[in-house]
Every structure is written in C-alpha cells, then in structure tokens.
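Novice: Provided below for reference: sequence and predicted model.
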Amino acid sequence: MSCVRDWPEPIIRVQSLSEKGLEAIPERYIKPMSDRPSSNFPVIENQNIPIIDFSGLYGDETIRAKTLSEISEASRDWGFFQAVNHGVSPELMDRARQLWREFFYQPMEVKQGYANSPKTYEGYGSRLGVEKGAILDWSDYYFLHCLPCNLKDHNKWPAQPSSLREAIEEYSKQVVKFGGEMMKALSINLGLSEDYLQKAFGGEDIGACLRVNFYPKCPQPDLTLGLSPHSDPGGMTILLPDQNVAGLQVRRNDGWITVKPAAHAFIVNIGDQIQVLSNDIYKSVEHRVMVNSNKERISLAFFYNPRSDLLIAPAKELVTPERPAIYSPMTFDEYRLFIRLRGTKGKSQVDSLKSPSPR
C-alpha cells in the first residue's frame with residue numbers, strides 16, 4: 001500500500017457537482033441496474049433496529065442482566081442497534097455535528113488544503129479504493145485518526161471552525177469511554193472475561209478514527225448511493241446520524257430496513273474484527289446509505305478498532321470440536337488493505353477468509 005500515493009483519476013468533489021444544479025448525475029456515479037436502490041432487495045417498511053437504554057448497565061442486578069441480554073440479542077441477531085443514555089453529552093453530539101457541517105460549508109480552496117491520498121485516507125476525500133474506473137458513491141468525507149497518539153496529527157485536523165479541534169478531542173474521549181463499556185458487555189455476553197475483547201484490541205492502545213460523511217443533494221437518487229453496501233472492516237462503529245434526514249439502511253434477511261434515528265442516540269454496529277474474534281457468534285451486517293434530492297445529510301462514524309499490527313483470530317475459549325475456528329489469524333493492517341485497494345464490496349472480504357473446511 002505504501003507505493004499507492006495518489007488516486008487513479010482526478011478527484012471531483014461531489015458537493016461541487018451538487019451545487020452546480022445538475023439535472024443528471026455524471027455516469028461515474030450511476031450504479032449498475034442490479035445495485036440501484038430499488039433493484040437490490042425490497043425496503044422493509046414499519047421496522048427499525050433495536051433501541052437499547054444503556055443506563056440499565058448501572059442499575060440493579062435485574063436491570064443490568066436485562067440490558068446485557070438486550071445487547072447480546074441485538075449483537076447476535078441484528079449486528080446493529082441504537083444506544084440511548086450512553087454517557088456522551090447530548091450537547092457535545094449536537095455541537096460536533098454542527099461544527100462539521102460548517103466545515104463542509106467552507107470555500108473549496110480551504111477544504112482542498114486538507115485533500116487526502118490513498119496512503120492513509122486522512123483528510124478531505126471523495127472516494128474509497130484505488131480501482132481505476134470504479135463506479136463512485138455520491139458523497140464526500142473527512143477522515144482523521146484519534147488513537148493511537150502517535151498517529152494523531154492535529155495539523156491534519158481542520159483549523160476552522162476555530163473550536164472544531166477542541167470539540168473533536170472531547171468527543172473522541174467520551175465516545176472511546178462508551179466504546180470501552182460496549183466491549184465489556186460484548187465480552188461478558190460471550191462468556192469471556194470482561195476485558196477479553198479490549199485486550200485483544202490492544203488494551204488502551206487501540207486504534208480509533210473518525211470519518212465524517214457528507215451526502216450532498218442528488219438530482220437522481222434512484223440511480224446512485226451515498227455509500228455502497230458493505231460491512232465495516234474494523235471492530236465496532238459508533239455512528240452519530242443526521243437527526244433530520246434518514247438515509248442509513250441495514251440489510252435484514254432479504255430486505256433493507258431504513259434506520260429511524262432516536263433522539264441523541266448512537267447507531268452501533270458490529271464490525272468484521274469482532275465477527276472474527278467471536279468466531280461468528282456476533283455478525284457484522286451489510287448496510288448502505290441512500291441519498292436525497294431535497295436535503296443533504298451529515299453523519300459522524302467513529303471506528304473503534306484493534307491496534308493495526310495485532311493478529312486477530314477467534315478467541316480460543318470459543319473454539320470447540322463442534323465449533324472449530326472459522327478464520328485464520330490476520331492483522332487489521334493486512335485486512336483493511338482489501339478496502340483501500342478495492343473499495344466497498346459487501347461482505348466479500350470477511351467471507352473470503354472463512355476456511356473451506358473445519359480445521
């Protein structure tokens with residue numbers, strides 16, 4: 001990956017295309033017929049992902065057991081849920097979202113000063129993967145590292161709005177704390193010691209990064225997607241959605257469920273690394289993002305990941321003769337190279353690692 005230093009074609013900012021008032025989107029963004037929003041499985045109406053009140057983790061034994069059970073069921077059956085009363089300040093959530101919206105409203109020459117490359121993705125971007133001629137998604141983003149400290153570089157974080165860097169620091173601190181509580185709950189529900197998954201991720205030396213997604217208005221939302229179907233390659237994603245515009249859809253059997261965000265809730269989903277560590281007890285789930293002809297959307301995806309050089313493999317406590325290890329060890333660095341080269345490809349990466357026969 002170190003040899004890939006630039007994108008295969010000139011970068012066009014989707015926000016700029018949207019602001020031109022085009023009646024039709026460029027061909028580069030038109031999905032094949034089978035991948036368009038209305039062509040690939042129906043949208044399931046009148047359903048939502050589970051909503052879990054995390055204050056129950058600090059209640060009496062009965063309430064705590066009930067909350068752990070809800071987390072376990074959602075992680076095994078859905079791979080997605082919404083968390084309310086999670087301990088992150090609602091005011092900070094609103095402030096972070098608004099400050100990032102202000103960043104994307106800045107002049108293009110300001111944003112271009114933070115343009116990213118495929119080497120680390122850090123900075124202002126508009127595509128994933130370096131596959132030449134790929135069909136692109138209708139979105140821009142900003143990606144930055146929060147942990148480990150040696151990767152965090154404030155010079156790569158936006159200087160404007162002036163309070164954004166301070167807000168990112170506090171937001172990251174609070175979300176990491178919530179992520180640690182989630183890791184305890186997931187470990188306990190697997191029958192492991194409560195610090196098992198955290199230790200597997202590197203203890204306090206985890207990887208954590210933020211991708212702020214900006215989905216501009218789109219004149220032909222039926223022909224494209226804001227983000228193509230994929231499962232998240234990392235450990236766990238803690239998403240702060242746009243409160244006013246729905247767009248995230250989660251794969252559920254043979255259909256898609258549009259997530260209806262609860263007030264000041266995080267949308268939490270299992271990533272591929274926890275699927276591997278749990279030996280397929282927890283599942284990462286495909287999801288995609290729709291775009292809108294009348295409204296833009298913004299969301300903050302916080303990725304709680306293992307340290308990049310640690311081998312990730314099924315927990316030995318979860319491997320039995322009846323349930324052999326499904327995956328061979330692999331570092332997160334090796335794993336995410338797939339997406340950096342090819343972009344989002346459903347669950348093809350994690351599925352490709354499964355052993356053809358029990359070991």
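Specialist: Arrived safely, thanks for sending.

Novice: how many other residues sit next to residue 168?
Specialist: Neighbour count for residue 168, taken as other CB atoms under 10 Å: 22. In this view, the C-beta of every residue, glycine as well, is placed from N, C-alpha and C.

Novice: correction: residue 324
Specialist: Residues near residue 324, counting by other CB under 10 Å: 13.

Novice: what pLDDT does it get?
Specialist: Note for residue 324: predicted pLDDT of 95.

Novice: grab the nearest non-local neighbour of residue 218.
Specialist: Using CB to CB, 6 or more residues apart in numbering and skipping residues adjacent in sequence, the residue nearest residue 218 is residue 291, 4.1 Å away.

Novice: was I right to think residue 31 contacts residue 222?
Specialist: No: assessed by CB atoms under 8 Å, residue 31 is found out of contact with residue 222, at 9.7 Å.

Novice: quick one, which of those two is more surrounded?
Specialist: Neighbour comparison, residue 31 and residue 222: the larger count goes to residue 31, with 19 against 13 (by other CB under 10 Å).

Novice: doesn't that one belong to a helix?
Specialist: No: under DSSP: H, G, I helix; E, B strand; the rest coil, residue 31 sits outside any helix and is assigned coil.

Novice: what about the strands in the stretch 1-150 of the chain?
Specialist: Chain-ordered strands for the stretch 1-150 of the chain, with DSSP state E, counting those that start in this stretch as the definition, fall at 51-53, 80-84, 123-125, 140-147.

Novice: and the third one, what does it pack onto?
Specialist: Using 3 or more CB pairs under 8 Å, 6 or more residues apart in numbering; DSSP states H and E as the contact criterion, the secondary-structure elements in contact with strand 123-125 are strand 140-147.

Novice: pairing partners for the strand it packs on, with directions?
Specialist: Partners of strand 140-147 in the sheet, by DSSP bridges, are strand 123-125 (antiparallel), strand 207-215 (antiparallel).

Novice: quick one: buried residues of the next helix or strand after it?
Specialist: In the C-terminal direction, the helix or strand that comes right after strand 140-147 (DSSP states H and E) is helix 164-189. Under the neighbour-count criterion of 16 or more other CB atoms under 10 Å, helix 164-189 has 164, 167-168, 171-172, 174-176, 178-180, 182-189 buried.

Novice: ditto for stretch 104-118
Specialist: Here stretch 104-118 shows 104, 111, 114, 116, 118 as buried, counting by 16+ other CB under 10 Å.

Novice: distance between the ends of it?
Specialist: Stretch 104-118 has an end-to-end distance of 21 Å (criterion: CA to CA, to the nearest Å).

Novice: avg pLDDT for that stretch?
Specialist: On average, stretch 104-118 scores 96.
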